[in-house]
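K.L.:
give the three-dimensional model of this entry:
(2 chains)
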There are 2 protein chains.
Amino acid sequence: MAIGSGVGIVESRLARFATPLRLRSGATLPGFELAYETYGELNAAKSNAILVCHALSGHHHVAGHYAEAPQNVGWWDNIVGPGRPLDTNRFFVVGVNNLGGCHGSTGPAVVDPATGQAWGSKFPIVTVEDWVTAQAGLADHLGIAQWAATIGGSLGGMQAMQWTIQLPARVRHALVIAAAPKLSAENIAFNEVARQAILSDPDYALGKRPERGLRLARMLGHITYLSDDQMADKFGRRLRHGEYRYGFGVEFEIESYLRYQGDKFAGWFDADTYLRMTKALDYYDPAAACGDDLAAALAPAQAQFLVVSFSTDWRFSPARSREIVRALVKNGQDVAYAEIESQHGHDSFLMEDAHYHGIVAAYLKNVPT
Amino acid sequence: MAIGSGVGIVESRLARFATPLRLRSGATLPGFELAYETYGELNAAKSNAILVCHALSGHHHVAGHYAEAPQNVGWWDNIVGPGRPLDTNRFFVVGVNNLGGCHGSTGPAVVDPATGQAWGSKFPIVTVEDWVTAQAGLADHLGIAQWAATIGGSLGGMQAMQWTIQLPARVRHALVIAAAPKLSAENIAFNEVARQAILSDPDYALGKRPERGLRLARMLGHITYLSDDQMADKFGRRLRHGEYRYGFGVEFEIESYLRYQGDKFAGWFDADTYLRMTKALDYYDPAAACGDDLAAALAPAQAQFLVVSFSTDWRFSPARSREIVRALVKNGQDVAYAEIESQHGHDSFLMEDAHYHGIVAAYLKNVPT
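P.N.:
Coordinates of the predicted model:
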């Protein structure tokens, strides 16, 4: 299916919320804005809405393209559209940029009304729980009392799950993809190196874009998004110049790939947003409040679940997804689980794979609207 | 067995080589010096010598301690000494700092006689093959025509193996521990992020110690040295302050550990050495000259082999060690292989483990001197 041929031209919208929002950290935002997009039509009963939650560097531009920028196709366009797994002939799909993001929602790059200057490093730390609260404001704004489904991959999957715990009456189905119920020490360790790369970049302290730090953070991120096997297949030890040059320029193709990805990211992503997204990941641990009992944490959920993992994902391996499944099974809750054979590591959730998309499509076909 | 109680007081020595050394890169060193230490006595037949090759940040101070610095115990003291697996009652054990190192051998931190200034970033790239050539010079200097054994872990294991390929008549046994026949794309990717951390540190271009870059490189390195399981056991999600602080200071104990390790390393290790050690790892690929046929590359070896891997090592997993074993078996060469159950990831080769040390001890007991 051709990318961009689905929902067609879309528009980014902004919802304003005047009520102060108290965050988990104890800080209060005096009000906030959320950038969002919608695809498909909300039905009269307002019962066919799906919320798509984004991951670390994602945003609300999930599908379609902008009239003025036809090349700027949404990050999950391959799964959203007429006849696609998130079928816009049946569902009203909502994409939202999270609080603290850098794509139009209130965050470090936006002006703090109290000072007249961009929030920057003063923007408070936000959590998955805060995002669900803010997303609930957007649901109210759109008149959606209950989502037919929440869905997301990676950090987005954590949000899809957190909805079922935090606002159980407001979500009928949760599709939790390539996620984990909390980060491991190793996951936190990778985030910490990425943060230190940014925080220790001298430009960061000077209030300038810490491009060196962002570049390193993204290079490191890409190692954890791909699988070892995939890197071997895609790059192996292939040389850029056919022979060793014995210097510090690019020698191996994998070096070229990482530098390219790092440079590209450093040119546009907001460092303060990156720092906050990694902290939201680190903090997320719904079982902690229940004596580390994930089943107890999930007990309030009224939703049915589809949990999906990918065989070569070593950031959040299938074993991590099965922790969620086991907890739901223990509670007698309704859960389907699919472990997809894929070469694409953690990034598999973004890829178009017939088996994976077929399972999501089949699951959603059975979700009444 | 108590650390430091083995070989006792040791002395660092320096061997000088006046003959120019042409390196793989095409550069020529006009002469060079190697820092080394020895433990035990060379027998009259000079047939009981074992060469210990070091890994990325290692050096020639393998065992014992200096009279003036009793706390400075060698990095592999637990395996070298009277009655220890590398039994100095039987063997004459030699530790050497590799060319390009920063512990006394000719390298970036040493004065280039041609300029009267430290080599610094002008020091040429060195390879595993160059190290074996230089180590052979040290063997000549000590009157050792043939090593009873070469041994090393990680990058040291690559050197132990390369001896058998490059100078097959000069080594009777090779103990190749926690090694791989070449780096994977993922291995190279981690090295590249570490190098970019150093090279993009503004202090590096200014000729100052790039402490930020070294710190990040070491933090990242530590993630790859430990196993996920070990990190979970040792740190898990344990908090420094018992609760979230919602800031960028240390929250999780794993963050504290990584920062400590990074800071410590940044204070003393030479950045130009670090850059070169990672390049030597990247370049090593003995099969490349034989059409990627590792068995063909190993065919000249006359040595017998002990190959050891560790179950939780994901930097060089057991599968990578088995590639070496399979190639040797294919050639009908003499190889013993042990896969050790260990929680310590790649670092296992440095640890004192009864099973692991027992296997090395048993193997070396059968090596005639």
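K.L.:
now stretch A:90-110, how far from the centre of its chain.
P.N.:
Per CA atoms, centre = their mean, to the nearest Å, the displacement of stretch A:90-110 from the mean C-alpha position of its chain is 11 Å.
K.L.:
ok, it near chain B or not?
P.N.:
No: against chain B, stretch A:90-110 shows no contacts by CB under 8 Å from any CB of the partner chain, the least distance being 12.2 Å. In this view, the C-beta of every residue, glycine as well, is placed from N, C-alpha and C.
K.L.:
helices of the stretch 1-150 of chain A, residue ranges please.
P.N.:
Taking DSSP state H, counting those that start in this stretch as the test, the helices found in the stretch 1-150 of chain A are A:128-142.
K.L.:
nearest to chain B: which residue in it?
P.N.:
residue A:25 (3.6 Å; CB to the nearest CB).
K.L.:
can you map out the helices along the stretch 201-350 of chain A?
P.N.:
Using DSSP H, counting those that start in this stretch, the helices of the stretch 201-350 of chain A run over residues A:202-205, A:211-225, A:228-234, A:253-266, A:271-283, A:294-298, A:318-330.
K.L.:
any regions of the stretch 1-150 of chain A where pLDDT drops low?
P.N.:
Within the stretch 1-150 of chain A, the stretches with pLDDT under 70 are A:1-4.
K.L.:
need the residues of it near chain B, please.
P.N.:
Counting by CB under 8 Å from any CB, the residues of the stretch 1-150 of chain A lying close to chain B are A:24-27, A:124-125.
K.L.:
hmm, back to that, got the contact list for the closest residue to the residue of the stretch 1-150 of chain A closest to chain B other than its chain neighbours?
P.N.:
Once its chain neighbours are removed from consideration, residue A:25 has its nearest residue in residue B:246; the separation is 3.6 Å (CB to CB, 6 or more residues apart in numbering or on different chains). The contact partners of residue B:246, taken as CB atoms under 8 Å, 6 or more residues apart in numbering or on different chains, are A:24-27, A:124-125, A:279.
K.L.:
what's the PyMOL syntax to select whichever of the residues you listed are buried?
P.N.:
To isolate the buried members of these in PyMOL, using 16 or more other CB atoms under 10 Å in any protein chain shown:
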select buried, chain A and resi 24+25+124+125+279
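K.L.:
and the two most separated of the contacts of residue B:246?
P.N.:
Of all pairs drawn from these, the widest gap by CB to CB lies between A:26 and A:279 and measures 14.5 Å.
K.L.:
what residues does the stretch 201-350 of chain A have near chain B?
P.N.:
Proximity of the stretch 201-350 of chain A to chain B is assessed by CB under 8 Å from any CB, with A:201-202, A:212, A:215-216, A:219-220, A:222-223, A:226, A:228, A:231-232, A:234-237, A:244, A:246-248, A:251-252, A:254-255, A:258-259, A:262, A:275, A:279, A:282-283, A:285, A:288 identified as the residues in range.
K.L.:
tally of neighbours for the closest residue to residue A:137 other than its chain neighbours?
P.N.:
Once flanking residues are discounted, residue A:137 sits nearest to residue A:17: 5.0 Å by CB to CB, 6+ apart. Each residue near residue A:17 was counted by other CB atoms under 10 Å in any protein chain shown, and the total is 17.
K.L.:
my guess is residue A:17 meets residue A:32, correct?
P.N.:
Yes: the pair formed by residue A:17 and residue A:32 meets the contact definition of CB atoms under 8 Å, at 5.3 Å.
K.L.:
intersection of neighbour lists for those two?
P.N.:
The contact sets of residue A:17 and residue A:32 overlap at residue A:134 (CB under 8 Å, 6+ apart).
K.L.:
middle-most residue in chain A, spatially?
P.N.:
What sits nearest the mean C-alpha location of chain A, by CA atoms, centre = their mean, is residue A:55, with 1.4 Å.
K.L.:
list of residues touching stretch A:63-79?
P.N.:
The contact list for stretch A:63-79, computed with CB under 8 Å, 6+ apart, reads A:1, A:3-4, A:6-12, A:37, A:39, A:52, A:54, A:58-59, A:61-62, A:80-81, A:84-86, A:93, A:95, A:350-352, A:357, A:360.
K.L.:
any of the residues you listed buried? List them.
P.N.:
The buried subset of these - by 16+ other CB under 10 Å - is A:4, A:6-7, A:10, A:37, A:39, A:52, A:54, A:58-59, A:61-62, A:80-81, A:84-86, A:93, A:95, A:350-351, A:357, A:360.
K.L.:
mind checking which of those land in strands?
P.N.:
A:37, A:39, A:52, A:80-81, A:86, A:93, A:95 (DSSP state E).
K.L.:
switch those residues over to CSV; also include distance to residue A:188.
P.N.:
Formatted as CSV, the entries for those read as follows, by distance: CB to CB, whole Å:
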residue, distance to residue A:188
A:37, 32
A:39, 35
A:52, 26
A:80, 31
A:81, 36
A:86, 31
A:93, 32
A:95, 28
